[in-house]
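Engineer: When you get a sec, could you give me coordinates for this:
(2 chains)
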Amino acid sequence: ETGVTQSPTHLIKTRGQQVTLRCSSQSGHNTVSWYQQALGQGPQFIFQYYREEENGRGNFPPRFSGLQFPNYSSELNVNALELDDSALYLCASSFRTGGGNTEAFFGQGTRLTVV
Amino acid sequence: SQKIEQNSEALNIQEGKTATLTCNYTNYSPAYLQWYRQDPGRGPVFLLLIRENEKEKRKERLKVTFDTTLKQSLFHITASQPADSATYLCALDGGSGNTGKLIFGQGTTLQVKP
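Structural biologist: I've put the predicted structure just below:
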């Protein structure tokens, strides 16, 4: 196990609803990145948080938003859910130093189904 | 835009043989390339990182090469075992340096038969 925990593990939501996914980082890690993984595809970078601020964003609309808390845990919020948002959402934590980031440790993911 | 492609077909090999997985990329010159393993229903697990100035890196039965001229990385598992069966993901760092903002390929599923 990596020490990165995500909740919930599974979730079913209706189109148009809002959802919040949670991630608890590995102890000592200060950076959290979120990914969306559709079935049969590789993970796609959503955004990264460092020291409670967004530090880079992939090609995702503004209805995908996030937060990082002082204890480095994080949330991913998705508003106005669409059917195509159905995917495995992965959280990855790492430690950022002056030399760059350490390897990423992924959680087990949250499987979101939008009906 | 940056694009990464891995073997699109699943790879089936016999136990004890060497598995070779390919990762090709375009429109990008990454400083770092990483390989991950993902089992069904689980998150990816980091295996190896190789830098642009490194041609080859090894870890136990794993070997990764990085050819920045060909824009290609090869991932080898020697003396493969059924427990090596999984999906293997290639990832480039999408930022400037080692930022942790990873761009993944679609993955190659490896099946090792006893």
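Engineer: quick one: residue B:34 and residue B:48 touch, right?
Structural biologist: Yes: the pair residue B:34 / residue B:48 is scored as a contact, 6.9 Å apart, by Cβ atoms under 8 Å. Quick note: C-beta positions are derived from backbone N, CA and C, even for glycine.
Engineer: And these two? Which one has more around it.
Structural biologist: residue B:34 (24 against 17; other Cβ atoms under 10 Å in any protein chain shown).
Engineer: Average pLDDT for the helix or strand hosting that one, rounded please.
Structural biologist: Using DSSP states H and E, residue B:34 falls within strand B:32-38. Strand B:32-38 carries an average pLDDT of 94.
Engineer: mind listing the strands in chain A by residue range?
Structural biologist: According to DSSP state E, chain A carries its strands in the segments A:5-7, A:10-13, A:19-24, A:31-37, A:44-50, A:53-57, A:64-68, A:74-78, A:87-94, A:96-97, A:100-101, A:105-106, A:110-114.
Engineer: Now the weakest link among those, please, by mean pLDDT.
Structural biologist: Looking at the strands of chain A, the weakest mean confidence is strand A:100-101, a mean of 80.
Engineer: in its sheet, what does it sit against?
Structural biologist: If you go by DSSP bridges, strand A:100-101 pairs up with strand A:96-97 (antiparallel).
Engineer: how about the nearest residue to residue B:2 once chain neighbours are set aside, secondary structure?
Structural biologist: Nearest residue to residue B:2 in three dimensions, chain neighbours excluded: residue B:28, at 4.3 Å (Cβ to Cβ, 6 or more residues apart in numbering or on different chains). Look at residue B:28: counting by DSSP: H, G, I helix; E, B strand; the rest coil, its state is coil.
Engineer: Quick one: residues contacting residue B:28.
Structural biologist: Neighbour list for residue B:28: B:2, B:3, B:71, B:92, B:103 [criterion: Cβ atoms under 8 Å, 6 or more residues apart in numbering or on different chains].
Engineer: can you list the residues you listed in a markdown table and add distance to residue B:79 and pLDDT?
Structural biologist: Shown next, in a markdown table, are the contacts of residue B:28 (distance: Cβ to Cβ, whole Å; pLDDT from 0 to 100):
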| residue | distance to residue B:79 | pLDDT |
| --- | --- | --- |
| B:2 | 34 | 74 |
| B:3 | 33 | 85 |
| B:71 | 29 | 92 |
| B:92 | 28 | 91 |
| B:103 | 31 | 93 |
